[in-house]
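Q: please work out how this folds:
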Amino acid sequence: RSPMKIKFLTLVILVLSISVLMATPPNNDFIVAAGTTYDGDIETTNQDVIILSGATVDGDIETTSGDVYLEENAKVEEKITTLSGNVYLDVGSQVDKTIDTQSGTIRVRQNATVKGNITTESGDIKGEGAIFDKNISTRHGHISLKVGSHVNGNVSILNRGHGNDLPVVEIYLGEDVYIDGKVIASHVGDNVDLYMWGAEVNGEIDKVNVVGGEDEEDEDDDEDQGGECGGRPEWSNSVQYQTNDEVHKDGNAYQAKKASKKKDPTKSKNSKYWRDLGDC
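A: Okay, here's the model as predicted:
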């Protein structure tokens, strides 16, 4: 080969190598296979962490913006910490220590258990038949506990600065919810509304505005405004949904983040397809 051809080939290889090195790596999910055990900590930036059914993580999970999903009967033996990532615990899953987020939502489903404290700065905390062994606290997020959730500690709103212009924070305690502790805010001026609907609180209720539960007149008003869940259709396994479509299922409303079919919005692993809009 001529020296010119060799130099040209070397230059092409060098350019291709630089391109590969500078390319943005794919944002693949961090997945722990079903029924296996991952020994050690998991740390990611924008990757989602998915712990499949029956799997265990024997360490901490920490993300910046990635979501953390525990599928049915999955387990994390240490703590979960995120900045803006959401945390989802599916049926029967368990976290042995604390869950902390800045703006991410924490959702805990039937018979799932969190053994440590839950704390958020502005993220919402939602429980549906869930078990919380210690305290639930947020500063600017909402708390919604439904379907027989049980808290063996306090439900509290952290110091919000007690200013007159603070947006309202809501605590909703639904039917058969039991709080074996207090429901409190740090100051009277923290602007916290408490809605109770068939719930029981064993400790004191202090520094919150007790609004009460929904009555029959309110339910009639909801029907006048478009029927169940504001007129949104119920999610169907057979429908092809497009971005921004809205549906409801199991008492919650959802908005499509992207096109999907057969992606049940109530399943924690499908939150990349659906945005949780909260209770209907």
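Q: tally of neighbours for Gly163?
A: Neighbourhood size, Gly163 [other CB atoms under 10 Å]: 10. All C-beta atoms are positioned from the backbone trio N, CA, C, and that covers glycine.
Q: ok, now Ser149?
A: Residues contacting Ser149 under the criterion other CB under 10 Å number 25.
Q: in space, what's closest to it - neighbours in sequence excluded?
A: In this structure, Ser149 finds its nearest non-sequential neighbour in Gly127, 4.0 Å apart by CB to CB, 6 or more residues apart in numbering.
Q: immediately after the helix or strand that neighbour falls within, which helix or strand?
A: Per DSSP states H and E, Gly127 falls inside strand 125-128. Per DSSP H and E, strand 125-128 leads on to strand 131-132 as the next helix or strand towards the C-terminus.
Q: helix or strand right after the least confident helix or strand in the chain by mean pLDDT?
A: Here the helix or strand of the chain ranked lowest by mean pLDDT, DSSP states H and E is helix 216-224, holding a mean of 43. Next helix or strand after helix 216-224 toward the C-terminus (DSSP H and E): strand 246-249.
Q: which other helices and strands does the helix or strand following that next one contact?
A: Using DSSP H and E, the helix or strand that follows strand 246-249 in sequence is strand 252-256. When contacts are defined as 3 or more CB pairs under 8 Å, 6 or more residues apart in numbering; DSSP states H and E, strand 252-256 packs onto strand 246-249, strand 274-279.
Q: show me what counts as buried in the longest one.
A: Read that as strand 274-279. The neighbour-count check on strand 274-279 (16 or more other CB atoms under 10 Å) flags Trp274, Asp276, Leu277, Asp279 as buried.
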